[in-house]
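*Asks:* What follows is a predicted protein model with its sequence.
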Amino acid sequence: MFASPKEFLSLHDDSGRTVGVFIGSELWETCKNELLPILNRAANPEPIITQLPREPLKDWEALLEYWDFTYPPAYDLACEHCGASTDDWRADAPRKFWLTAANLGGLASFQCLHCKSRIMKRHFKKHVSMECRPYVDKP
């Protein structure tokens, strides 16, 4: 595949976008101790909790205090984009979801801490609807 085992090969799709890299065995042995920590950090980013504002827990508690729906409160959440899920968002350690808004009208909004998607739970009198929107960087 390589003329020399110290080479690397960048792979591209039809549109020219990079899809991967093959690294020759000698080159890999030479630089793997430096590259592995970088690759591991990139593949498993740190949680974004430190960048988030405080959770509006008083608003959530007010919603629970005046709860008059025909079903008990549910604490389960799931992100359709990255697959993160939990049975109780309040009890996870480390946290998977962050409460971003809650109101007496029954809307509770969360941010997925893995992919930053927004999960909205809308509580109606007889049912709950859940919607997941992907994260969009503001220009």
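*Replies:* Okay, I see it. Residues are numbered from 1 along each chain as shown.
*Asks:* The helix or strand of the chain with the lowest mean pLDDT: which residues count as buried?
*Replies:* Of all helical and strand segments in the chain, the minimum by mean pLDDT, DSSP states H and E falls on helix 25-43, at a mean of 84. Judged by neighbour count (16 or more other C-beta atoms under 10 Å), helix 25-43 contains these buried residues: Leu27. (Each C-beta comes from the backbone N, C-alpha and C, glycine too.)
*Asks:* Beyond it, next helix or strand please.
*Replies:* helix 57-65 (DSSP states H and E).
*Asks:* roughly how far apart are Pro53 and Val136?
*Replies:* Going from Pro53 to Val136 by C-beta to C-beta, to the nearest Å gives 18 Å.
*Asks:* can you list the domains in the chain?
*Replies:* 8-43, 49-133 (automatic domain parsing).
*Asks:* show me what contacts the residue nearest to the spatial centre of the chain?
*Replies:* For the chain, the residue nearest the mean C-alpha position is His114 (2.1 Å; C-alpha atoms, centre = their mean). Applying C-beta atoms under 8 Å, 6 or more residues apart in numbering, we find His114 in contact with 79, 82, 84, 96.
*Asks:* Report pLDDT for it.
*Replies:* Note for His114: predicted pLDDT of 88.
*Asks:* Same check on the one 3 residues further on?
*Replies:* Listed pLDDT for Ser117 reads 92.
*Asks:* can you tell me the helix or strand for the residue lying closest to it once chain neighbours are set aside?
*Replies:* Leaving out its chain neighbours, the residue that sits closest to Ser117 by C-beta to C-beta, 6 or more residues apart in numbering is His81, at 4.6 Å. Using DSSP H and E, His81 maps to neither a helix nor a strand.
*Asks:* Could the C-alpha coordinates of stretch 104-116 be exported in CSV?
*Replies:* C-alpha atoms of stretch 104-116 as CSV (Å, rounded to 0.1, in the frame of the first residue of the first chain):
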residue,chain,number,x,y,z
LEU,A,104,-46.0,26.8,34.8
GLY,A,105,-47.5,26.2,31.4
GLY,A,106,-45.9,22.8,31.3
LEU,A,107,-42.9,23.4,29.1
ALA,A,108,-39.5,22.1,30.2
SER,A,109,-36.5,22.5,28.1
PHE,A,110,-33.2,20.7,28.4
GLN,A,111,-29.8,20.6,26.7
CYS,A,112,-28.0,17.4,25.9
LEU,A,113,-24.5,17.7,27.4
HIS,A,114,-23.1,15.3,24.8
CYS,A,115,-24.2,16.9,21.5
LYS,A,116,-25.8,20.2,22.7
